[in-house]
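Trainee: Below are the sequence and a predicted model for it; my questions follow.
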Amino acid sequence: MYTFTKGSVAGYKNQPVPFQLIKQNKQASSLVVMLPGRGYTVQGPLFHYSTGVFLNKGFDVLHVNYDYNTVQSESLTLEEEIRQITEDVNSVLDHILKYQPYQTYTLIGKSLGTIALSSIVERISLKNAKIVWLTPLLQLDYVMDKMLSSSQNGLCIIGDEDPCFISEKFEKLKEKENIQTLLLPGTEHSLNYADRPVDSIDVLKKVITEISNF
């Protein structure tokens, strides 16, 4: 039903950046790009079910499978980390879009992936993309400034028990006409409840429904 292509491109300091492209059988006009967190891969439920949603909508799906759980990555300064993820993600996009540009784009980033989102929102080809900011790193001026200055339609989802949640900054995002916001009270950085696994499934359903509707 779908074609799965795995590959890698040279990214920051010529290190390989793995990716997977899932293509429809017939040529698709839309692409969703998924940018995971440091410890939250595309196998995590938020990305797993979002992948199914977008495939059913006729999108091609691009998973950028960078891995920053290394001693080398963890020793980088914030500026170096931003440079690394910027080079890595743009290298993958350059490679994929060289062979097939798309008419419409949706971008989904979680946690560290929102740094990646921030690094690509100004690409000309993505000026009309829809952007989903999952548990964005609001404590980083780099991410917050890009969210506030972005002109694309956005959806921001975060929990108030997330250490990245900052109420004053979230209120600023709520004031932006082009960004929809969803605050999930009691949920942590993984958008789960710490001690309520069954209720956490309901949260997952709500988040995936919001993304699908958006």
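Mentor: Received, thanks.

Trainee: Show me where this structure dips below the pLDDT cut-off.
Mentor: For the chain, applying pLDDT under 70 flags the ranges 69-74.

Trainee: So the residue nearest the centre of the chain versus F47, what's the distance?
Mentor: What sits nearest the mean C-alpha location of the chain, by CA atoms, centre = their mean, is G109, with 1.1 Å. Note on G109: its distance to F47, by CB to CB, to the nearest Å, is 10 Å. Any C-beta I mention is one placed from the backbone N, CA and C, and that applies to glycine too.

Trainee: Ok, L138 next?
Mentor: 21 Å.

Trainee: Go through stretch 204-214 and flag the buried ones.
Mentor: L204, V207, I208, I211, F214 (16 or more other CB atoms under 10 Å).

Trainee: again with stretch 177-192
Mentor: Judged by neighbour count using 16+ other CB under 10 Å, the buried positions of stretch 177-192 are I179, Q180, T181, L184, T187, E188, H189, S190, L191, N192.

Trainee: now, among those residues, which is nearest to P36?
Mentor: Comparing the buried residues of stretch 177-192 against P36 with CB to CB places S190 closest, at 12.2 Å.

Trainee: in a helix, that's where that closest one is, yeah?
Mentor: No: under DSSP: H, G, I helix; E, B strand; the rest coil, S190 sits outside any helix and is assigned coil.

Trainee: If anything else comes up later, I'll come back, but that's it for now.
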